[in-house]
Structures are given as structure tokens and as C-alpha cells.
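Asks: Need a 3D model of the sequence below.
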Amino acid sequence: YDSGRDGYIDLMELKLMMEKLGAPQTHLGLKNMIKEVDEDFDGKLSFREFLLIFQRAAAGELEEDSGLMTLAKLSEIDVSIEGVKGAKNFFEAKAQALSSASKFEAEIKAEQDERKREEEERRNRRAAFRELKSAFSQ
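Replies: Got it, this is the predicted structure:
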């Protein structure tokens, strides 16, 4: 549902998600849903904040008629209905999503390492140039 591919679910993306799940919410309802789990007060849901919805639902901390409880219920996997294969597919998709995040982090780290290596090469070339310059200046 992260159509902006920024790692967050904003108000419009949450609106679309709730509509697709068959539980449309009012604009105010959507804002309240985000506000209830928005730990960093940025007005959107991070993956951690999204998972917090399900943690709070499992702990009984959400109101039964709230939009978040509706979302938690609509997103649950009932193994007795879906069977083990349905749950397996669900968890494999979650693992794949986490793996994709890890790959993204690895790519960022590789880019940072490359920049460090290039900077080190630049410093070495400057030092070598200064040595040659000083040899010619004498």
C-alpha cells in the first residue's frame, strides 16, 4: 500500500488501504488512526508503527469500534480458514519484504563504502602530488 515507495503509509495511502479492505474511513477517522500509533508525530505510519497496531490489538489496547481494530481484524490470518499454506504464504511474503529492506540497507552501505574508498584515493593522490611538487620546488 506504500504507493509512494518512501517506507511510510501516509493519509491517502491508508485511505486506499482501508477502502480496498472493505472498511472505508472518514478523513477524520483516518487522521485519528494515524495519530493513535504515530510515535514520532510525523503524520504517517512507519513499518514499526504499522506493526504496533497489531501488537496493541493483541494486547486488547484498541477500542473495539476503532479503525485500527478494524484494520487489525481485516489483516489477520485465520489458519483454520486459510489453512497452513495461506499462513505460510503470508509469512513468506513478510520475510521477503524484510529481506528486501535488508538488501536496500546493504546497497546503501555499499554506496557509502564506495564513497569512503574514493575519498581515500583522492587524499592519497593529493599527498602524492604534494610530494612531487615539493621535489620539483627544491
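
Asks: Could you use CA atoms for every contact and neighbour count after this?
Replies: Noted.

Asks: Hmm, residue 47 is touching residue 7, no?
Replies: Yes: using CA atoms under 8 Å, residue 47 is in contact with residue 7, at 7.1 Å.

Asks: So which of these two has more stuff around it?
Replies: A count of neighbours by other CA atoms under 10 Å puts residue 7 above the other of residue 47 and residue 7, at 13 against 10.

Asks: Quick check: the nearest residue to that one once chain neighbours are set aside vs residue 52, distance?
Replies: Once flanking residues are discounted, residue 7 sits nearest to residue 46: 6.5 Å by CA to CA, 6 or more residues apart in numbering. Noted for residue 46: a distance of 10 Å to residue 52, by CA to CA, to the nearest Å.

Asks: Domains in this protein, by residue range?
Replies: Residue ranges for the domains of the chain, per the TED database: 8-74, 83-137.

Asks: looking at the ones you listed, which has the lowest confidence?
Replies: Mean pLDDT is lowest for domain 83-137 among these, at a mean of 77.

Asks: and residue 41, helix, strand or coil?
Replies: With DSSP: H, G, I helix; E, B strand; the rest coil as the basis, residue 41 sits in coil.

Asks: ok, for it, nearest residue in space, not its chain neighbours?
Replies: Nearest to residue 41 is residue 35, by CA to CA, 6+ apart, at 7.5 Å.

Asks: Quick check, that neighbour in contact with residue 43.
Replies: Yes: the pair residue 35 / residue 43 is scored as a contact, 7.0 Å apart, by CA under 8 Å.

Asks: Report the contact partners of the nearest residue in space to residue 24 that is not next to it in sequence.
Replies: Excluding its sequence neighbours, the residue lying closest to residue 24 (CA to CA, 6+ apart) is residue 18, at 5.1 Å. If a contact means CA atoms under 8 Å, 6 or more residues apart in numbering, then residue 18 has 24-25, 71 as its contacts.

Asks: got JSON lines for the domains of the chain, with distance to residue 2 too?
Replies: JSON lines is the format used below for these (distance: least, CA to CA, whole Å):
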{"stretch": "domain 8-74", "distance to residue 2": "5"}
{"stretch": "domain 83-137", "distance to residue 2": "12"}
